[in-house]
Each structure stands twice: as structure tokens, then as C-alpha cells.
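Participant: Task: produce atomic coordinates for the following.
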Amino acid sequence: LNHVEKAITEKTGVIIATSIFGYPVNLDRLDEIRNRHPNIYIIQDCAHSFSAQWKGRWVQKEGIAALFGLNISKTLTSIFGGMITTDDEKLFVALKKSRNSNLKKPKWMKGLRRLLYLITVYPTFCETIYNIVNRMERMHLIDYFVQYYNEYKIDMPSDYLHQMTPLEARVGTENVKRYNTIIKNRRRAANYYFEHLDNKPNFKLPPKIEGATYSHFVVQVSDRDAWLQWALTHNIQLGWLIEYNIPEMEAYGAHSPDEYPQAASYARKTINLPVWGGAFIHRRVTNVVKLMINQ
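Facilitator: Numbering: from 1, shown residues only. Okay, here's the model as predicted:
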């Protein structure tokens, strides 16, 4: 946010404030910007941050609208897709009109494909099958199914101009019922890591901020590949959530990493500790991390 005002011009109409990894954007700082530029709308990007709070204020309520991602990897899911929330009646009416006039109604085949995808996901994460799938992923044998970006072109899902299906709405609605439990478990996992792990030169914990919902627990390390391999030898898979830097992609101009140093650093140095699986998993992960730090 400290760099936002340098980028504002007379053509700027919207600021999209992102609460990444479940961390609430600094609403105090955003208020200062909004007060100095009252004609610029604020949209909250809450793809990772369902109901994150900044000093007791709900992030998704601070702006004209909030955007949420609902694909299978998000905190809440409707299989695919996302949603927009707003308290602005004029925008609400305009969004519904745009949806009804610009998005085609889904056909039954789309609903069937979504159902088959959902059914397939469950056995994939069973331990025995997942071991096979994960090995195939590391060998790049299933990139077509799991690679979610193409650095050589800017593209969209083939059905992005189709409305979501009733099945997706139903799955999303059912997921909301589990929301409080999901967030409680993620915060419990994060607190365990904060209590049992320390910042080191080669292992930097994320900040501890009240109100975060921890879609991910992202740590910065000096040698990511070494960390990932070390964990695998101890039967633990650590994730790397962001392994790319958009400005460096060919489709976006192939900029030098030095032009966007923070993004470049995150793309190369972050690992993701599990926030699911319960206390046993978190203890195992913590023990392996301590071994790596102290070796």
C-alpha cells in the first residue's frame, strides 16, 4: 500500500486491495488513501481471505465490493468459480444484469463434468492414491490437469463466459456451514507453529496478526528446493504456493526480477506449512522443520 499513491493517475478508477494468504489488508492505511482520493473505488480481493479482520473490521465490507475465489483449493469451495459481494444497490443490479445478459446459462454437461470432478477429488487425497498422484505431479506427467497458468499467454478458462451450475451453488452453500470449524482449525494450526517455531536467518515466519484466517501459512526460506526435498525424505510434503512472478512471464513482458524485487523474492523463497490434518501433523511438521534448521 505504501506504493499505491505513486501509481495513481487521472485515469485511475479503482484500487484493488488484496488480503493475501488470509492476512487482512491494512485498513487504516487504505482509509488514508481513500480519504485523499474519494473518487476512486475500493474493491477488496478476498480470494484467500474469507472474513479476515483488521482491528475488528471485516475486510470484505471496506469498499464498494469484494471478490472471493471458490475453486477446490480455496478456504471455502463451490468446486470452481467465485463470487462478488456488495452493499451497493446500484452495483448489485448492474452485476445481475451483466451476468444475465453476458453469461450463458450452463448446460447439463457442465454440471455433470463438475460432479465427476468433485467425485474424483475425494479418492485423489486418500493417502495411497495421493502418493501416486503426487509422484506423477513432481515428474510433470499431469501438468495439463494441475498447471494453472501459462507463462507464454494470457488465457481464461474455456467456460468463463458461462454461469455457474446449481451443483456448484449447492456445494458452496453446504461449505459455508463448515466455515467456523475450518477457520478455527486453521488458526489453531498457525498458533501452534508460532508457539513452537522461531524466526531464523534461513527461516522467516509470517507476521502474527490478529484477525488473519490463514488460508496458508507461508514461510520464507533461503533454499526452497533443499527444504522441499528434506521434508520429502521425512515423508512430509511442504507446498510452494507461488512459484512464479507474473512480471517475469513472457506474456507480461519478461521483466527483470530486479524491477519487482518483492514479488521475485516470494516466487523463489516461500514454502507453505500445512494448516490441515490436526495436531499430530503439525507436531510432525514442526519437528522436521527444527531438524532442518539445526542441521
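Participant: mind giving me the domain split of the protein?
Facilitator: Segmentation of the chain into domains, based on automatic domain parsing, reads 4-102, 108-175, 179-294.
Participant: can you list those domains in JSON lines and add mean pLDDT?
Facilitator: Putting the domains of the chain into JSON lines (pLDDT from 0 to 100) gives the following:
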{"stretch": "domain 4-102", "mean pLDDT": "94"}
{"stretch": "domain 108-175", "mean pLDDT": "85"}
{"stretch": "domain 179-294", "mean pLDDT": "92"}
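Participant: Kindly reformat those as JSON lines containing mean neighbour count.
Facilitator: C-betas here are computed from N, CA, C, even on glycine. Formatted as JSON lines, these follow (neighbours: other C-beta atoms under 10 Å):
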{"stretch": "domain 4-102", "mean neighbour count": "16"}
{"stretch": "domain 108-175", "mean neighbour count": "13"}
{"stretch": "domain 179-294", "mean neighbour count": "16"}
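Participant: Who is residue 16 paired with across the strands?
Facilitator: For residue 16, the beta-bridge partners under DSSP bridges are residue 43.
Participant: how about it, what does it touch?
Facilitator: By C-beta atoms under 8 Å, 6 or more residues apart in numbering, the contact list for residue 16 reads 43-45.
Participant: Looking at the residues you listed, spot the one nearest residue 225.
Facilitator: Each of the contacts of residue 16 was checked against residue 225 using C-beta to C-beta; the closest is residue 45, at 29.5 Å.
Participant: Would you list the phi and psi of that closest one?
Facilitator: With angles defined as degrees, to the nearest 10, residue 45 shows backbone torsions of phi -90, psi 100.
Participant: so what's it closest to, chain neighbours aside?
Facilitator: The spatially closest residue to residue 45, leaving aside those adjacent along the chain, is residue 18, at 4.1 Å (C-beta to C-beta, 6 or more residues apart in numbering).
Participant: And for residue 62?
Facilitator: By the measure of C-beta to C-beta, 6+ apart, the closest residue to residue 62 outside its immediate chain neighbours is residue 27, 5.4 Å from it.
Participant: residues in contact with that neighbour?
Facilitator: For residue 27, the contacting residues are 54-55, 57, 59, 62, taking C-beta under 8 Å, 6+ apart as the criterion.
Participant: Please repeat the previous calculation with a cut-off of 7 Å.
Facilitator: 54, 57, 59, 62 (C-beta atoms under 7 Å, 6 or more residues apart in numbering).
Participant: So residue 136 sits against residue 142, correct?
Facilitator: Yes - with contacts counted by C-beta atoms under 7 Å, residue 136 reaches residue 142, the gap being 5.1 Å.
Participant: on that earlier part again, please tell me how far the residue nearest to residue 45 sits from residue 67.
Facilitator: Per C-beta to C-beta, to the nearest Å, residue 18 is found 10 Å from residue 67.
Participant: Tell me the residues that contact both of those two, please.
Facilitator: Between them, residue 18 and residue 67 have residue 45 as joint contacts when contacts are counted by C-beta under 7 Å, 6+ apart.
Participant: Next, name the residue at the spatial heart of this protein.
Facilitator: Nearest to the mean C-alpha position of the chain, by C-alpha atoms, centre = their mean, lies residue 48 at 4.0 Å.
Participant: re earlier: distance to residue 98 and secondary structure for the contacts of residue 27 - can I get that in a markdown table?
Facilitator: Formatted as a markdown table, the entries for the contacts of residue 27 read as follows, by distance: C-beta to C-beta, whole Å; DSSP: H, G, I helix; E, B strand; the rest coil:
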| residue | distance to residue 98 | secondary structure |
| --- | --- | --- |
| 54 | 30 | strand |
| 57 | 29 | strand |
| 59 | 24 | helix |
| 62 | 23 | coil |
